[in-house]
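K.L.:
okay, sequence plus prediction incoming.
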Amino acid sequence: MLDTTINDQVTEFLDAFGTALENGDIDAAVDMFETDCYWRDLVSFTWNIRTMEGKDQVRDMLSAQLSATQPTGWRIADGEVASEDGGITTAWISFETGIARGYGLVRLREGRIWTLLTSMVELKGHEEPLGYERPLGAKHGAGKGRMTWAEEIEKERTELGYTKQPYTVIIGGGQGGIALGARLRQLGVPTIIVEKNERPGDSWRNRYKSLCLHDPVWYDHLPYLPFPSNWPVFAPKDKIGDWLEMYTKIMELNYWTRSTVQSASFDEATQEWTVKVDRDGEAVTLKPKQLVFATGMSGKANMPDLLGMDTFKGDQHHSSKHPGPDGYAGKKAVVVGSNNSAHDICAALWEADVDVTMVQRSTTHIVRSEPLMEIGLGDLYSERAVEAGMTTNKADLIFASLPYKILHEFQIPVYDKIKEVDAEFYAGLEKAGFQLDWGADNSGLFMKYLRRGSGYYIDVGASQLVIDGKIKLAHGQVTEVVEDGLVLDDGTKLEADMIVYATGYGSMNGWVAGIIDQETADKVGKVWGLGSDTPKDPGPWEGEQRNMWKPTQQTALWFHGGNLHQSRHYSQFLSLQLKARMEGLDGPVYGLQESYHLGR
């Protein structure tokens, strides 16, 4: 028989918390939080993605938002049981606001809220047609002139963008644009995805041929349609490309291939965008109310401008344009950079009998795939997690419930353990001359990703080639390119028939500058990063990803993307914000992010 004592205590707490909120007694509600508390809200209270840190910020948010939010019905979620471990009581919760239903996770410490996650699940009256509410599909009965399913889809695709305007245009048809497009379609938001490539999935197919996902399958599901149980743990790029193409068809997305956005401008008077598109040679003007950049978290490729590049007699290109090793056997290659792409490319070149040298310009964090999957992700995203009853949605929310301000404290022990388990591996890298780091505060890969989106490699084999000297190492900055190679700042010359610049990417607002204008790009500011004041993530502290999945300083302009996990998880909250605006249901935005960095 279950001990219901903890459940009863949490229920009593939630009843009191809910009563305080319903009565507008902000002092009583705030008093139910610990001094060092964190309330992370995904749209439900703030119409933003925002973390309130400490009681003063909680008070400020409730003072601004409570009357408009009208929260009620705080309770332990159906089918869930509160738990206690190490003095922390944890419970899945559900609640409602005036216009939406919410779900979340609360952690209580000494009878008060330590961390609270609240997320919007659905808008009342605008629920997704799922489960019992799924469409019938068939049209029973008879009627003259009825259209078939295929004819209705074709009619929609013929009209949308021409005789009927989309409410939302998404620029970029990779995993981010596709995931968001699927969510919006289920919510009945007319949407067009504009993609420059020939086919959906080409953003993966067109990369170097050895590319595979470094994240495991349990972490990478798309909305509504998880990968089958026989899907590889690490999917090859072409397999992902085919899956994305199939997904766009099954989810019936309005997906314009061979199309590029030439320009976009926003009319403050009409609150409408004018988006000019070259659709496979046809000029089309779209008039959406909302514009989403889903052009990839990394933005435009950082191609260096080096002295003498025009004199090089071999091939040179950014890693995003690298065709693979074919045709380079017996030749010399230099790869400038030492993160994921650099390692992958170097390994593939060595396998193709290319003499390859990696130029390490700064320290790199490396973690082998196996311990990362087991120690770093295994409790949430793994086969054993699934067997233990973990769902993708719960895993996403558990991860989301850990405030960024203290997330590094949970990550440090993970990487301390990895460092211990793989001591011999790291000793071998250091002996080979590879310059390692563990992040600014020894918090490892995830914090580096969240703070700067670079500076790491998930080892799937290239590191052993470095240890064995099969991938050669050089260190320093490139000062000059000469006709047969390049020169480093210590005077070392590296001969090369090919140079690959694995030199990363700029901020996403670089796309805004090119498509809208520089003024709007500067108004929005840098995209990505937490403001941690660590390398490549300048302060001040933001507490959330800059400009991602939430309102920006430019009305009706949004950014969406990240890895497959983030594209899946945050597409829910961005789609609900867009749907609410279409229906006139959105509330006041709390804590609209200020712009401190141009991000050029």
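P.N.:
In hand now; what should we look at?
K.L.:
alpha carbons only for contacts and neighbour counts from here, please
P.N.:
Will do.
K.L.:
which strand or helix spans the closest residue to residue 509 other than its chain neighbours?
P.N.:
What sits nearest to residue 509 in space, not counting adjacent residues and going by C-alpha to C-alpha, 6 or more residues apart in numbering, is residue 521, at 5.4 Å. Residue 521 is part of helix 518-524, with elements assigned from DSSP states H and E.
K.L.:
in that helix, which residues are buried?
P.N.:
Residues of helix 518-524 classed as buried by neighbour count (16 or more other C-alpha atoms under 10 Å): 518, 520-524.
K.L.:
which helix or strand contains the residue in the chain sticking out farthest from the centre?
P.N.:
For the chain, the largest distance from the centre (C-alpha atoms, centre = their mean) belongs to residue 144, which lies 47.8 Å off. Secondary-structure assignment from DSSP H and E places residue 144 in no helical or strand segment.
K.L.:
tell me the pLDDT of it.
P.N.:
The model reports residue 144 with a pLDDT of 85.
K.L.:
same deal with residue 27?
P.N.:
Predicted confidence (pLDDT) for residue 27: 97.
K.L.:
what's near enough to touch it?
P.N.:
If a contact means C-alpha atoms under 8 Å, 6 or more residues apart in numbering, then residue 27 has residue 59 as its contacts.
K.L.:
and stretch 116-124, which residues are buried?
P.N.:
By 16+ other C-alpha under 10 Å, the buried positions in stretch 116-124 come out as 116-123.
K.L.:
how about stretch 170-190?
P.N.:
Going by neighbour count (16+ other C-alpha under 10 Å), the buried part of stretch 170-190 is 170-187, 189-190.
K.L.:
before we move on, what about stretch 393-408?
P.N.:
For stretch 393-408, burial by neighbour count (16+ other C-alpha under 10 Å) applies to 395-397, 400-405, 407-408.
K.L.:
farthest pair within those?
P.N.:
Checking the buried residues of stretch 393-408 against each other with C-alpha to C-alpha, the farthest-apart pair comes out as 395 and 405, at 19.4 Å.
K.L.:
circling back: narrow the buried residues of stretch 116-124 to those in strands?
P.N.:
116-123 (DSSP state E).
K.L.:
just give the closest residue to residue 528, not the sequence neighbours.
P.N.:
Once flanking residues are discounted, residue 528 sits nearest to residue 546: 4.7 Å by C-alpha to C-alpha, 6+ apart.
K.L.:
pretty sure residue 558 contacts residue 550?
P.N.:
Yes: the criterion here is C-alpha atoms under 8 Å, and residue 558 meets it with residue 550 at 6.5 Å.
K.L.:
need the pLDDT of the residue nearest to residue 509.
P.N.:
The model reports residue 521 with a pLDDT of 94.
K.L.:
re the thing from before, burial of the residue nearest to residue 528, as a residue count?
P.N.:
By the criterion of other C-alpha atoms under 10 Å, residue 546 has 22 neighbours.
K.L.:
again, but for residue 230
P.N.:
Other residues within reach of residue 230, judged by other C-alpha under 10 Å, total 6.
K.L.:
how far away is the residue nearest to residue 528 from residue 540?
P.N.:
Remark: distance between residue 546 and residue 540 (C-alpha to C-alpha, to the nearest Å) = 11 Å.
K.L.:
do the same with residue 575
P.N.:
For residue 575, the distance to residue 540 under the criterion C-alpha to C-alpha works out to 28 Å.
K.L.:
try residue 489
P.N.:
33 Å.
K.L.:
isn't the residue nearest to residue 528 right up against residue 524?
P.N.:
No: Residue 546 sits out of contact with residue 524 when judged by C-alpha under 8 Å, with a separation of 9.6 Å.
K.L.:
hey, what's in contact with both of these two?
P.N.:
Taking C-alpha under 8 Å, 6+ apart as the contact criterion, no residue touches both residue 546 and residue 524.
K.L.:
in three-state terms, how would the spatially closest residue to residue 539 that is not a sequence neighbour be classified?
P.N.:
Counting by C-alpha to C-alpha, 6+ apart, residue 539 lies nearest to residue 531, which is 4.1 Å off, once chain neighbours are set aside. Residue 531 falls in the coil class when you classify it by DSSP: H, G, I helix; E, B strand; the rest coil.
K.L.:
what's near enough to touch residue 531?
P.N.:
Applying C-alpha under 8 Å, 6+ apart as the definition, the contact partners of residue 531 turn out to be 451, 537-543.
K.L.:
just checking, residue 411 is part of a helix?
P.N.:
Yes: for residue 411, which was evaluated using three-state DSSP, the result is membership in a helix.
K.L.:
picking up where we left off before, now the buried residues of stretch 116-124 in TSV, with pLDDT and distance to residue 209?
P.N.:
Below are those laid out as TSV (pLDDT from 0 to 100; distance: C-alpha to C-alpha, whole Å):
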residue	pLDDT	distance to residue 209
116	98	44
117	98	41
118	98	42
119	98	39
120	98	40
121	98	39
122	98	41
123	98	43
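K.L.:
could I get those residues as JSON lines with distance to residue 162?
P.N.:
Converted to JSON lines, those look like this (distance: C-alpha to C-alpha, whole Å):
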{"residue": "116", "distance to residue 162": "46"}
{"residue": "117", "distance to residue 162": "42"}
{"residue": "118", "distance to residue 162": "40"}
{"residue": "119", "distance to residue 162": "36"}
{"residue": "120", "distance to residue 162": "33"}
{"residue": "121", "distance to residue 162": "33"}
{"residue": "122", "distance to residue 162": "31"}
{"residue": "123", "distance to residue 162": "29"}
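K.L.:
which of those sits closest to residue 269?
P.N.:
Of all the buried residues of stretch 116-124, residue 123 has the smallest distance to residue 269: 28.0 Å, by C-alpha to C-alpha.
K.L.:
so which residues of the stretch 101-250 of the chain form helices?
P.N.:
Ranges of helices within the stretch 101-250 of the chain are 149-159, 175-186, 202-205, 237-250, based on DSSP state H, counting those that start in this stretch.
K.L.:
return the most buried member of those helices.
P.N.:
The densest packing among these, expressed as mean neighbour count by mean count of other C-alpha atoms under 10 Å, is seen in helix 175-186 with a mean of 26.
K.L.:
tell me where the stretch 251-400 of the chain is predicted with low confidence.
P.N.:
For the stretch 251-400 of the chain, applying pLDDT under 70 flags the ranges 297-299.
K.L.:
repeat that with 50
P.N.:
In the prediction, the stretch 251-400 of the chain carries no residues with pLDDT under 50.
K.L.:
now do the stretch 101-250 of the chain
P.N.:
Counting by pLDDT under 50, the stretch 101-250 of the chain contains no low-confidence range.
K.L.:
swap in 80 and give it another go.
P.N.:
Scanning the stretch 101-250 of the chain with the threshold set as pLDDT under 80 gives 138-141, 208-210.
K.L.:
just the strands in the stretch 1-150 of the chain please.
P.N.:
Per DSSP state E, counting those that start in this stretch, the stretch 1-150 of the chain has strands spanning 33-42, 49-53, 72-76, 83-85, 88-96, 100-109, 112-123. These are given in chain order.
K.L.:
between those strands, which one is closest to residue 306.
P.N.:
Evaluated over the strands of the stretch 1-150 of the chain, closeness to residue 306 peaks at strand 49-53, with 40.0 Å, by C-alpha to C-alpha.
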